[in-house]
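Enquirer: With the sequence up front, the predicted model follows.
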Amino acid sequence: MKSYLSVRFCLFFLLLLTFRYAAAQRVAMNDTIYVYANQSNELHVLANDLGADLSIAEVVITLPPTRGILETNLNCNCLIYTPFAGFGTLVYEDRFDYIFVSATSFDQNGGVTTAATNVASVFLLFMEDECDNCVWPGDVNNDGITNVWDLLPIGIAYGAYGMPRSDTSTLWEGHESEDWPGAFGAGALNHKFADCNGDGFINNADVAAIELNYGLTHTVSTIPALPYEANNISLSVQILNESVAIGDTVTANIVVNGLAGDANLYGLAFGINYNIIPVAGTVGVNFPISFFNDGANTITVQRVVNGALEAAITRTNSEFATGNGIVGVISFVMEDVLAGKTTEENLTISLTGVTATSPTGNRISVNTIDGQVGLVLSQQPKQNPELPPFTLYPVPASNQLNLNTAGKQVTAVSLFSNQGKLLQTIMPEPFSPVITIDTRLLAPGLYLLQINTPQGIVTQKVPVVR
Ligand SMILES: [Ca+2]
Ligand SMILES: [Ca+2]
């Protein structure tokens, strides 16, 4: 045990490299945001971007807006947009572009390497002032974003009916709607917000708007809070794998227990985070038949956001489900992002944003227990000796290095120092004929270029001279 711990400790440095590599996987995504005239608007442009620990400080505006002022705000980790006079009366839209630029990578001589991402565009559209009390189809809890947590109020008010809207569109914009007689928790949130499609009924058809408008945001002045009650249930993640290696399918149970006897539960929404990067498209949760899911009186939504899973399930029959046991099964494939690193660490699956509800619309207190299992990293990257080397020029490199792909597909190019420290990762356009790497900030010396292709990885040495 003693030597195991000392090996772990000694390899802490390599772990840092691992996290740096993970942090480099960032993609900026386009946004469409409705903004008010004559006031400042918070723009949470990072909300749908891919990558861990995204900071607004690393966002660089490459095309500024022309009809307002844009400022960076570290407190909200967002941008603040203030439109000029005339916005909303003379002009109704604006636009700007941004990229991520990280200045946190250093070469072994202290030189800074910047790694820029793709360009994302943000489209700003005027929002009518009088739409403060409008229904945004999918944002059922009216907190400004559509996500799995919006499923819970639909379960609570399932089967309720009220005044239909004049329109039955689920387009992402504010829809005028009269208040219904019913409301969630002390009137903080009117039932009309759960009638996403405006047909006057709260049912399955309204869940489609959550799927349709998932992740979209709008500005809200106050977020309604549901009343809270102690209920004493626990939610734990139990990983079934004895250990996890790159490429393995990880399976974990989500287990509900009552702290004293059976658990009483009506709706459940949660996020799942992990300290590895799963293979895109492999993350999901199943809700098997259980005390909670009888297969008839439940609705569910799930989505992967920034590589992390968000999921919700709620009953629809206005009655608690009572019992203990597995309510969900998560699975994903661990990606080959840690290739080349040799270390030992635990895979941790954490529950985030856990919200449980009662049939009457109260939030229930939940104790959460994360899952952990040993992580076995491969000794070597999946080098493919069958692949011929790529042509690099000029060699040695000075200001830039060009990689001739010769028509072959290259998915990523990573530059490492000779000590194995990741300095830069480029995600080229599919089938780019030439990929260019800026080497101006690199100290003279030998570097390693790791070229990822669908057929495997090729690593080539690159000398840089001045
Ligand atoms: Ca919402
Ligand atoms: Ca409806």
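Expert: Here it is on my side, so go on. Ligands and ions are numbered 1, 2, ... in the order given.

Enquirer: Name the residues of the helix or strand harbouring T251 that come out as buried.
Expert: Using DSSP states H and E, T251 sits in strand 249-258. Neighbour-count burial for strand 249-258 flags V250, A252, N253, I254, V255, V256, N257, G258 (criterion: 16 or more other C-beta atoms under 10 Å). C-betas here are computed from N, CA, C, even on glycine.

Enquirer: out of those residues, who's nearest ligand 1?
Expert: Proximity of the buried residues of strand 249-258 to ligand 1 (C-beta to the ion) peaks at I254, which lies at 21.7 Å.

Enquirer: Not counting its neighbours along the chain, what's nearest the closest one?
Expert: Nearest residue to I254, sequence neighbours excluded (C-beta to C-beta, 6 or more residues apart in numbering): G328, at 3.7 Å.

Enquirer: Show me what the closest residue to L309 other than its chain neighbours is bridged to.
Expert: What sits nearest to L309 in space, not counting adjacent residues and going by C-beta to C-beta, 6+ apart, is I272, at 4.2 Å. I272 forms beta bridges with L309, L351, as assigned by DSSP bridges.

Enquirer: From E211, how far out is I272?
Expert: 19 Å (C-beta to C-beta, to the nearest Å).

Enquirer: Those two: which has the busier surroundings?
Expert: I272 (26 against 13; other C-beta atoms under 10 Å).

Enquirer: Which pLDDT value goes with V464?
Expert: In this model, V464 is scored at 93, pLDDT.

Enquirer: tally of neighbours for it?
Expert: For V464, the count of nearby residues is 20 (other C-beta under 10 Å).

Enquirer: Next: L70.
Expert: By the measure other C-beta under 10 Å, the count of residues near L70 is 17.

Enquirer: so who does S358 touch?
Expert: S358 makes contacts with E229, N231, N264, Y266, F320, I364, as judged by C-beta atoms under 8 Å, 6 or more residues apart in numbering.

Enquirer: picking that back up, adjacent strands (with direction) for the strand holding T251?
Expert: strand 228-239 (antiparallel), strand 325-333 (antiparallel).

Enquirer: Am I right that the residue nearest to I254 is in contact with T298?
Expert: No: in this structure G328 lies outside contact range of T298 using C-beta atoms under 8 Å: 11.6 Å.

Enquirer: For the nearest residue to T368 once chain neighbours are set aside, give me its contacts.
Expert: Of all residues not flanking T368 in the chain, L351 sits nearest, at 4.4 Å (C-beta to C-beta, 6+ apart). With contact taken as C-beta under 8 Å, 6+ apart, L351 is in contact with L235, V237, F270, G271, I272, T368, D370.

Enquirer: which of the buried residues of strand 249-258 sit farthest apart?
Expert: V250 and G258 (27.2 Å; C-beta to C-beta).

Enquirer: Helices of the stretch 151-300 of the chain, start to end?
Expert: 151-156, 207-212 (DSSP state H, counting those that start in this stretch).

Enquirer: picking that back up, with pLDDT as extra columns, can I get the buried residues of strand 249-258 in TSV?
Expert: Below are these laid out as TSV (pLDDT from 0 to 100):
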residue	pLDDT
V250	91
A252	94
N253	95
I254	96
V255	96
V256	97
N257	95
G258	93
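
Enquirer: give the contact list for E229.
Expert: Contacts of E229 (C-beta under 8 Å, 6+ apart): S358, N362, R363, I364, S365.

Enquirer: if we can go back for a sec, of the strands paired with strand 249-258, which is nearest ligand 2?
Expert: Nearest of those (C-beta to the ion): strand 325-333, 26.4 Å.

Enquirer: Taking the stretch 351-466 of the chain, what residue is nearest to ligand 1?
Expert: The minimum distance from the stretch 351-466 of the chain to ligand 1, using C-beta to the ion, falls at T355 (11.2 Å).

Enquirer: Relative to ligand 2, how far out is the residue nearest to that residue when sequence neighbours are not counted?
Expert: Of all residues not flanking T355 in the chain, A269 sits nearest, at 4.7 Å (C-beta to C-beta, 6+ apart). Going from A269 to ligand 2 by C-beta to the ion, to the nearest Å gives 20 Å.
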